[in-house]
Every structure is written in C-alpha cells, then in structure tokens.
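Colleague: 3D model of this:
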Amino acid sequence: MKPLFLVGYMAAGKTTLGRRAAQLLNVEFIDLDAYIESRYRKRISDLFAERGEEGFRDIERRMLHEVAEFDNVLVATGGGTPCFFDNMEYMRHRGVTIYLAASVQTLCRRLSHAKVKRPLVAGKTPEELYEYITEMLNRRESYYRQADYRFDADGYESLDSVDEAVHRLAVLMQNPAYGDGADEI
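Modeller: Okay, here's the model as predicted:
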C-alpha cells in the first residue's frame, strides 16, 4: 500500500485519527514529530531553539523523505510540514494525502482543553489563540488544500466518532480508485 499522509493544523486530530486508522488498517503509524525526536534524541522545541526554523524544517524534510520510503505506513505530519520546500508535492507523488480540516473554533477548543500545552500557543488568552490560529490557517490553507482528499475533522470528538471516521477512511483506502481524486471524505 502507498504511504498515507495526514496533513492539517495542530489539534486537527492527525495523531489521534492516524493511530486508530493504522491499527484498523494493520499498517505502521508514524507521527513525524515523534520520529524526528526519536532520531535526534531531542524535543522539537529544542531543535527549533538550536537550529532555528530553517534548520528544523530541513531536518523535517529529510525525515519526511525517509519515512515516505516505507511501505504500509500512515504518517501524521507536523502542522507546518506541507508548507515548506516541495513537501506537499513530494507527499502527493509518493502516496496519498488527506487534509484533516477543522474550524478555528474547534482548534481553539481542542488546544484550550489539551492536557499538554503546545509551545506555540502556551500562555495565549482565548482571544489571542483565536487570532493566532486564524492567521496561521490563512497562511497554510493553500498548502493543505492541495491534498488528494479533504476530511472534515470537526465531526469527531468522542471515541465513537473517531472510530466512525476511521472506518470511513478505511473504506476509502480499500477502494480501487484510492488516491485518484481530490474528494471530500
């Protein structure tokens, strides 16, 4: 099976949905950020601090190319991964991309209630968080929309709804036309 890449903003559900989908499909799940941390034995925030964004994005690109060579893999990318270099074009060439699209309201709610605070949004007031996410989505949306498929990520908040979404994804991937169109799923 061609690699499957989940793209979208932080808190869209790439890791949650991806992990469950990989189990159902009996493929390996890779969270690209966790993969980078494992390979470099440093946290993403430390790599950013040491190398700057440009240095980190170069590492991210090289690790993306590495995992894209694996068979039977589902990769949850970082929120910025498709927005740098030719990453989105490369992922589309190597496999199938799915954009997990979530509204600003959903992303704000998920990030506000997350047990682990993400460094880019830690300490922001609800108003600042809303403005920040709106601005970042405006910058990144054109990259995300290049995905082969768009998946409405607003609709799953419970385990049952995640399982329903995973089953829809599994049906898509078992379809003979898998990867042949830019459709809503």
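Colleague: what ranges do the strands span in the protein?
Modeller: Ranges of strands in the chain, per DSSP state E, are 4-7, 28-31, 73-76, 96-101, 149-152, 183-184.
Colleague: mind giving me the packing neighbours of the first one?
Modeller: In this case it means strand 4-7. helix 14-25, strand 73-76, helix 87-94, strand 96-101 (3 or more Cβ pairs under 8 Å, 6 or more residues apart in numbering; DSSP states H and E). (C-beta placed from N, C-alpha, C; glycine too.)
Colleague: the same query, at a cut-off of 10 Å, please.
Modeller: Secondary-structure packing of strand 4-7 (3 or more Cβ pairs under 10 Å, 6 or more residues apart in numbering; DSSP states H and E): helix 14-25, strand 28-31, strand 73-76, helix 87-94, strand 96-101, helix 126-144, helix 159-174.
Colleague: send the alpha carbons of the longest helix along the chain over as CSV?
Modeller: The longest helix of the chain (DSSP state H) is helix 44-67. The C-alpha atoms that make up helix 44-67 are tabulated as CSV, following Å, rounded to 0.1, in the frame of the first residue of the first chain:
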residue,chain,number,x,y,z
ILE,A,44,11.1,19.6,18.6
SER,A,45,11.2,22.8,20.7
ASP,A,46,14.9,22.2,21.4
LEU,A,47,15.7,21.6,17.7
PHE,A,48,13.9,24.8,16.9
ALA,A,49,15.9,26.7,19.6
GLU,A,50,19.2,25.3,18.5
ARG,A,51,18.8,25.4,14.7
GLY,A,52,16.1,28.0,14.1
GLU,A,53,13.0,27.3,12.0
GLU,A,54,15.1,27.0,8.8
GLY,A,55,17.3,24.3,10.4
PHE,A,56,14.4,22.4,11.8
ARG,A,57,12.5,22.5,8.5
ASP,A,58,15.5,21.0,6.8
ILE,A,59,15.6,18.1,9.3
GLU,A,60,11.8,17.7,8.9
ARG,A,61,12.1,17.5,5.1
ARG,A,62,14.9,14.8,5.3
MET,A,63,12.9,12.7,7.8
LEU,A,64,9.8,13.1,5.7
HIS,A,65,11.7,11.7,2.7
GLU,A,66,12.9,8.8,4.9
VAL,A,67,9.5,7.7,6.2
